[in-house]
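Visitor: Task: produce atomic coordinates for the following.
(chains A, B and C)
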Amino acid sequence: MGSNTKKNLITAGVFIVCLAAGLLLFNIVSGGKFLTADNIPVVLSHIVYPAFTAWGLSFLFACGYTDMSVGGVVVLAAFASNIFGNKFGYIGVIIPGIIVGTLLIFINFNIFAYTKIPSWIASISLAMIYEAFGFFLKTNSSTKQLVITPLNRDYRAIGQLGPSLILLAVGFILAYIIYNRTTIGLNIRAIGGNKEVAKAMGVNVNKTLLWVGVLAGLFIGVAAVIQLSYSGTLTVKTGLTSMSMIFQPLAIVLLAQILQKRINITIAIPICSLIIYSIFNLLTILHVPSGTLQEACLGAFLIIFAIIGQRKSKGVVK
Amino acid sequence: MAENVLEIRGLSKSFGSTRANIGIDFTLQKGEIHGLIGENGSGKSTLISQIAGLYAPDSGEMRLFSESYAPRSPLEANESRVSMVVQELGVVSSLPAGVNVYLGRTKLFSKFGLVSIKKLNQAANDEFEKWDLPKVGLHELADGMLIENRKMIELARAMSVDPEVLILDEITQSLSYNNRNKLYELLKKFKAMERSAIVITHDVEELIQITDRITVLRDGEVAGVLESANTTADEVKQLMVGREISGEYYRSDNEPDYDETAPVLTVNGVSVAGEIEDVSFEVHKGEILGFCGISDSGIHAIGKAVYGLEKLSAGEVLLNGKPLKSPTKALASNMAYVPKDRDNDALMMQASIWENLALPSTTELTGKMCFISPGKLRSTAQSVAEKMTVKCRDIYQPMSDLSGGNKQKVNFGRWLAKDIKLLILDCPTRGVDVGVKAYLYSLMKEAKKNGIATILISDELTEVLGMSDRLCVMKNGKLVTIIPRGDGFTEHSLIKVMV
Amino acid sequence: MKKLKIKTGDLVPFAALIVIFAFFAITSNGKIFSGYNLMLLLDQSMVTILLGLGMLFVVSQGSIDLSVGVNLALSGVVGTYVANIVGGWAFIPVCLIVGLVVGVFNGVMVARFKVNSFMLTISMLIGVRGIVNYIQEGLMKATGYGSQYLPESMLFLGNSTTRLIIFIVVLAIMAYLFEFTKLGRYGKAIGENETAAKNVGVPIKTMKILAFAISGLLAGLGGVFSVAKLGSTNQTMGVFQEMQTAMAVFLGGVLVTGGASAKIYKVVLGSISITLIVNGLAVIGKAESHISQSVEGIILLIILFITILVNNGGVQRFLHRKKNQELQ
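Guide: Below you'll find the model as predicted:
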């Protein structure tokens, strides 16, 4: 036990040193423009949304499911927050967003579980439907005004740096506890690790799967509330462009999965979120155009992480 | 007379056409360590799986402490204080060792929905200490642990339900000497507490040493119950083997009969990491070369390595003097491989019968401009199906409709449509009924007559003894000896070398 | 011996097409059958069918290629760019080569590095789109407009008859490759049971790389067609095309897991169905993208569900059992 704690401390120490060295290196490469009083808050405020989405995704991945409709869900949840927030203030911002997020992901999981359609393709269909519904809300004459009116400035504190960092801390504690300290979290991991053994040991697989939907949805709902509070309004996306909203979180989860053996994944996620956003921030400072070459970098990262993550696994890959 | 803890009367269980347990009677007394032994396929695992609640018997009854006992799941068995360490199931590698001990029962340690890992690990640690098991890092993921330590986690898990009946399925073979002794101590302590255990192991001497009584199973039936104190290893083995090898079924001759001057395949010092080590042998034209060994002996890896399916860490496989590296090359060189697990590793269950039958012959049926005539594929498949008398409505039926025996006819027969030189068979008669078995043996004999070299890997000793010209015995991944057909071809002599 | 055996699963794409046709025939008062509209329908579905043919090789193996849309855009943009510099003759070869290179890259990643094909091609979707946008932005800065025009010597491709001829030839070649060569047969075996195929001796890696290569090559050809049709490149080339194509393949009744359910005709039928949905909605005046998108999404879910039900034992096995009972 003693040596174990020591080993963990050493791992953590080495990791923190590497991370600090990396950030310093970024600072040097950017000619001192990275670690500045102006830039650090920018970086920090941009890691909250991807971290929450990544926690949500990591619960899905932990039991072997993929959900590409998360972007569409975020948009709809944000719309709900927007509409009710302008009416009821903070309660309206927080509760409807979380409810819509949780509900939609829960519906998705029911569809995955009962139709047996592979989750990635089923979730793409769902993404199309959610996007279309979002577009409908934004163009329909009776709802148009409600949706395009940005969230009242008075109710947007959640998106500010301080509160959102507090939320990040709360989210982290929640994710950590759920993942490591609850029966449901342990059961989720057992199913992802070996469904048969888990079943034989008395884990109720179906019930656990529906819980995954609820928990992942909860985090994704919160992510939507944060994103809305930060930007005031969310643009509606069609043509599956909402999928782009999960590419960065996806990269974060993939990277966190690689580190998983050394660092608990719930801890790795905010760290990876920091790393990934820092990279893109650096690229921006270095005048690498966003939307073009930055996207190319993101694609390359995803492929590299996927290769590293896949390196040791044997067996059939589709 | 001691009290009976567990009483089993007339227990039967079949899987498809295979009768795994036939009318088994079994008693376990209070404070008894009871050994269970038998060859592979004799029904040991089936028996204990029913006791542990993994599956329900077809007929017969079990009574625990004189009350009716019919567990529907391992968890229910645990509630009746029956627990088991399974041979293959293992642990969830993505979870820490401590959690694995209590997985499925983590609610025991939760308050307001929060599981106290501290209390859980404390309880797990108590189990380890109580039974003096070698310590493992309870916080560490089971992923990187040695098999031995994983077994200890499983053992702690089994002990944690405070069992009245403990079942250990081949646990000693993965333990080192030290830990074996610890296990023996555990059993002694367990016995002193007036608890009972059922132990399965291939090691006859060990079994006699640590048990009070031994039940020997053979072909799904109880062959005999022996008092450990009054028996010998030979007597146990005698009972295990028991039956005569029927002449017609297998080969009738009693000596090797093949062309020694024509080696078809040469295997030179082949190793596969974690599977086999430095294995060398030759197979000749018209020879059936048998492979046998207990589980984990590496016999199944031989077939894969020869067909190019395993990455060799050392050595080489030469077909007619030319090195062979990939299954693609093996296919092109007229080799054939019939894997052990036909449903998962050999056949396309959702595809039609003809597609399965035609697959290995695709190259032969490719004409000019890479043209493959579907008609030709189908007619080839049709003729194989007819020749092999595959029982089906037509060859367009999906593979999954067929019975085990007919699936195996497809799995085996599709290679005989080709002009093959070397045939690798891995447990070719596993789970098929007697009629199909006899037919498959006749095919092997025919192949032998046609000069095809055969590698026959099998868990069934009688099969390799009945068919082989020479028999390779494997142990712990090494080739121990090669016995030529003749007087040395008895199960007794084999078991001595294998175990 | 019966020569042809129709499975229930094979009827799904026909049924789907008929239902969709009937729906729009009624709602459009037959307008959908006008000669002009039918020609338009054919022209619109050509690119989807081309990409679908390539994707079929990949899907039959149980993988997926979602990079065909961006691959089409990259091929078209690079092809036009090079053709404008070195001459019109280079247009087609450059498009095809670019497509092929992307395809081979995908294949090597999946076969050699064992990257999950969905993850890989989604990443390519992001990354390559970034590159395409970068090139087009660069052109915008250099020339003032984001689109480039096809050299005059290549404008003959704008004629839909020319494209139709190319299309038919390619369709014939692909049908031949898929139904009558090892490539198709082995591919389906991989989709049915990769372990079994490997154990028989099917060259898994080669087959996978070849499948992605063909998919890439046809995406390159899709680039040729797209640019030729408009006479120029544009910003939205290939956007959503990969989904349209994947939907066409699955709508046609090909199982996501691949295998013997993969058939050329299904891609053709599925492509026409999906194009018909878009086209039909336009004809009946409901062309808003969100309506067609949600209709496509719902139909895709339903068809996938039916296909899985029919193929994986629901209906089909039920029918078989009935027949067996009758036989006994």
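
Visitor: where are the low-confidence patches of the stretch 1-150 of chain A?
Guide: A:1-5 (pLDDT under 70).

Visitor: Show me what the helix or strand harbouring residue A:185 is packed against.
Guide: Using DSSP states H and E, residue A:185 maps to helix A:183-193. Counting by 3 or more Cβ pairs under 8 Å, 6 or more residues apart in numbering or on different chains; DSSP states H and E, the packing neighbours recorded for helix A:183-193 are helix A:48-62, helix A:161-181, helix A:195-200, helix A:205-231. (Each C-beta comes from the backbone N, C-alpha and C, glycine too.)

Visitor: ok, the third one near chain B or not?
Guide: Yes. Using Cβ under 8 Å from any Cβ of the partner chain, helix A:195-200 reaches chain B at A:196-198, A:200.

Visitor: So what touches that helix?
Guide: A:187, A:190-191, A:205, B:54, B:73-74, B:89-92, B:103-104 (Cβ atoms under 8 Å, 6 or more residues apart in numbering or on different chains).

Visitor: What residues does the stretch 201-318 of chain A have near chain C?
Guide: A:238-240, A:243-244, A:247, A:254, A:289, A:291-300, A:302-303, A:306-307, A:310, A:313, A:316-318.

Visitor: Do a quick rundown of the strands in the stretch 301-450 of chain B.
Guide: Using DSSP state E, counting those that start in this stretch, the strands assigned to the stretch 301-450 of chain B run over residues B:314-319, B:322-323, B:335-338, B:422-426.

Visitor: out of everything not next to it in sequence, what's closest to the residue in the stretch 51-200 of chain C positioned nearest to chain A?
Guide: Relative to chain A, the nearest point of the stretch 51-200 of chain C is residue C:127 (1.9 Å; Cβ to the nearest Cβ). Leaving aside its sequence neighbours, residue C:127 sits nearest to residue A:299 (Cβ to Cβ, 6 or more residues apart in numbering or on different chains; 1.9 Å).

Visitor: Does residue 145 belong to a helix, a strand or coil?
Guide: If you meant another chain, say so; for now it's chain A. Here residue A:145 is helix, with the state taken from DSSP: H, G, I helix; E, B strand; the rest coil.

Visitor: Look up how far chain B lies from it.
Guide: Counting by Cβ to the nearest Cβ, to the nearest Å, the gap between residue A:145 and chain B amounts to 42 Å.

Visitor: hang on, the earlier thing: mind putting the residues of helix A:195-200 next to chain B in CSV, distance to residue A:97 and neighbour count included?
Guide: As requested, the residues of helix A:195-200 next to chain B are exported to CSV (distance: Cβ to Cβ, whole Å; neighbours: other Cβ atoms under 10 Å in any protein chain shown):
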residue, distance to residue A:97, neighbour count
A:196, 38, 12
A:197, 38, 21
A:198, 33, 25
A:200, 40, 19
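
Visitor: out of the residues you listed, who's nearest chain C?
Guide: residue A:196 (17.8 Å).

Visitor: Give me the neighbour count for the closest residue to chain B within the stretch 51-200 of chain C.
Guide: In the stretch 51-200 of chain C, no residue comes nearer to chain B than residue C:192, which is 3.5 Å away by Cβ to the nearest Cβ. Counted with other Cβ atoms under 10 Å in any protein chain shown, the neighbours of residue C:192 add up to 28.

Visitor: same question, residue B:227
Guide: Using other Cβ under 10 Å, the number of residues around residue B:227 comes to 10.

Visitor: So which residue is smack in the middle of the chain?
Guide: Using chain A here. residue A:53 (1.5 Å; Cα atoms, centre = their mean).

Visitor: Chain C, not that one
Guide: In chain C, the C-alpha nearest the mean C-alpha coordinate belongs to residue C:52, at 1.9 Å (Cα atoms, centre = their mean).

Visitor: For that residue, identify the helix or strand it belongs to.
Guide: Going by DSSP H and E, residue C:52 is part of helix C:35-60.

Visitor: Does that helix pack against any helices or strands, and if so which?
Guide: Taking 3+ Cβ pairs under 8 Å, 6+ apart as the contact cut, helix C:35-60 packs with helix C:68-86, helix C:160-180, helix C:182-192, helix C:204-230, helix C:241-251, helix C:264-283.

Visitor: if you set the cut-off to 6 Å instead, what comes out?
Guide: Judged by 3 or more Cβ pairs under 6 Å, 6 or more residues apart in numbering or on different chains; DSSP states H and E, the packing partners of helix C:35-60 are helix C:160-180, helix C:182-192, helix C:204-230, helix C:241-251, helix C:264-283.

Visitor: got the contact list for the closest residue to chain B within chain C?
Guide: Using Cβ to the nearest Cβ, the closest approach of chain C to chain B is made by residue C:201 at 2.7 Å. Residues in contact with residue C:201 (Cβ atoms under 6 Å, 6 or more residues apart in numbering or on different chains) are B:327-328, B:330-331.

Visitor: change it to 10 Å
Guide: Contact analysis of residue C:201 by Cβ atoms under 10 Å, 6 or more residues apart in numbering or on different chains lists B:307-309, B:326-333, B:335-337, B:359-360, B:362-363, C:186.

Visitor: What does it show for phi and psi?
Guide: The phi/psi pair for residue C:201 (degrees, to the nearest 10) reads phi 120, psi 20.

Visitor: How many residues are close by the residue nearest to it when sequence neighbours are not counted?
Guide: Using Cβ to Cβ, 6+ apart and skipping residues adjacent in sequence, the residue nearest residue C:201 is residue B:331, 2.7 Å away. Look at residue B:331: counted by other Cβ under 10 Å, it has 24 neighbours.

Visitor: thought residue A:127 was touching residue A:237?
Guide: Yes. Using Cβ atoms under 10 Å, residue A:127 is in contact with residue A:237, at 9.5 Å.

Visitor: list residues touching both of the two?
Guide: By Cβ under 10 Å, 6+ apart, residue A:127 and residue A:237 have these common neighbours: A:71-72, A:75, A:243.

Visitor: Most neighbours among those residues, please name it.
Guide: residue A:72 leads those on contacts (other Cβ under 10 Å) with 32 neighbours.

Visitor: Nearest residue to it in space, please, no chain neighbours.
Guide: Using Cβ to Cβ, 6+ apart, the nearest residue to residue A:72 is residue A:130, at 3.1 Å.

Visitor: per-residue pLDDT, the residue nearest to the centre of chain C?
Guide: Looking at residue C:52, its pLDDT stands at 96.

Visitor: how about residue 93, what does it touch?
Guide: No chain in the question, so chain A it is. Neighbouring residues of residue A:93 by Cβ under 10 Å, 6+ apart: A:78, A:80-82, A:84-86, A:151-152, A:155-159, A:225, A:228-229.

Visitor: The chain in question should be chain B.
Guide: By Cβ under 10 Å, 6+ apart, residue B:93 lies in contact with A:193-194, A:197, B:100, B:141-145, B:150.

Visitor: before we move on, back to that, report the rounded mean pLDDT for the helix holding residue A:185.
Guide: If you average the pLDDT over helix A:183-193, you get 88.

Visitor: Using neighbour counts, pick out the buried residues of it.
Guide: Neighbour counts over helix A:183-193 (16 or more other Cβ atoms under 10 Å in any protein chain shown) mark A:183-193 as buried.
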